[in-house]
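K.L.:
just coords:
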């Protein structure tokens, strides 16, 4: 039974294990925990600014994450969208459920501009965002306050006003 819930610092170790494994071992992205201190400070980095961090669990095991960093009055960035390889795809639909919860949170909290950065090697992720009405935009089109991650080379935007 899938359960999606907001998570806090008590889940940092589980989130780090899941995310680093996918980044480093599966996709060979040269990124370390030192590059992502936000994962050790979920409440301070995501929640206190008006965003949130969610985890997808089956039988208590963390299988997926998605986070939202609010960086302006009505704008936020999606971060840390990861699903364990064995649980990807339509059968479990975890990524879609995580994104749906994040979008609902945005609508409830007056966030109508959602941005994200990703890396070009994550082809399936890019197709997923495009299916969910995100548009690819140039890096120079990002808002000045957008928190760019060094590894990201593709950027997307979703307008929730329309």
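P.N.:
Received, thanks. Here the structure is a predicted model, which is why all the values come from computation and not from measurement.
K.L.:
going forward, measure contacts between C-alpha atoms and count neighbours the same way
P.N.:
Will do.
K.L.:
neighbours of the closest residue to residue 136 other than its chain neighbours, how many?
P.N.:
Nearest-residue entry for residue 136: residue 156, 4.4 Å, with adjacent residues in sequence omitted and distances by C-alpha to C-alpha, 6 or more residues apart in numbering. By other C-alpha atoms under 10 Å, 23 other residues sit near residue 156.
K.L.:
how about residue 156, secondary structure?
P.N.:
Here residue 156 is strand, with the state taken from DSSP: H, G, I helix; E, B strand; the rest coil.
K.L.:
what residues are bridge-paired with residue 3?
P.N.:
residue 57 (DSSP bridges).
K.L.:
next helix or strand past the helix or strand bottoming out on mean pLDDT in the chain?
P.N.:
Across the helices and strands of the chain, the lowest-confidence element by mean pLDDT, DSSP states H and E is helix 123-131, at a mean of 94. Next helix or strand after helix 123-131 toward the C-terminus (DSSP states H and E): strand 135-137.
K.L.:
just the buried positions in that next one, please.
P.N.:
Buried residues in strand 135-137, counting neighbours by 16 or more other C-alpha atoms under 10 Å, are found at residue 136.
K.L.:
partner strands of it, with direction?
P.N.:
With DSSP bridges as the test, strand 135-137 is paired with strand 154-159 (antiparallel).
K.L.:
contacts for the lengthiest strand in the chain, please.
P.N.:
If you go by DSSP state E, the chain has its longest strand at strand 61-72. Contact partners of strand 61-72, identified using C-alpha atoms under 8 Å, 6 or more residues apart in numbering, comprise 14-15, 18, 45-47, 49-57, 76-84, 87, 94-95, 98-99, 102, 145-147.
K.L.:
same thing with stretch 142-154?
P.N.:
29, 31, 71-72, 76-77, 117-120, 136-139, 155.
K.L.:
just the terminal-to-terminal distance for that stretch.
P.N.:
End-to-end distance of stretch 142-154: 11 Å, with C-alpha to C-alpha, to the nearest Å as the criterion.
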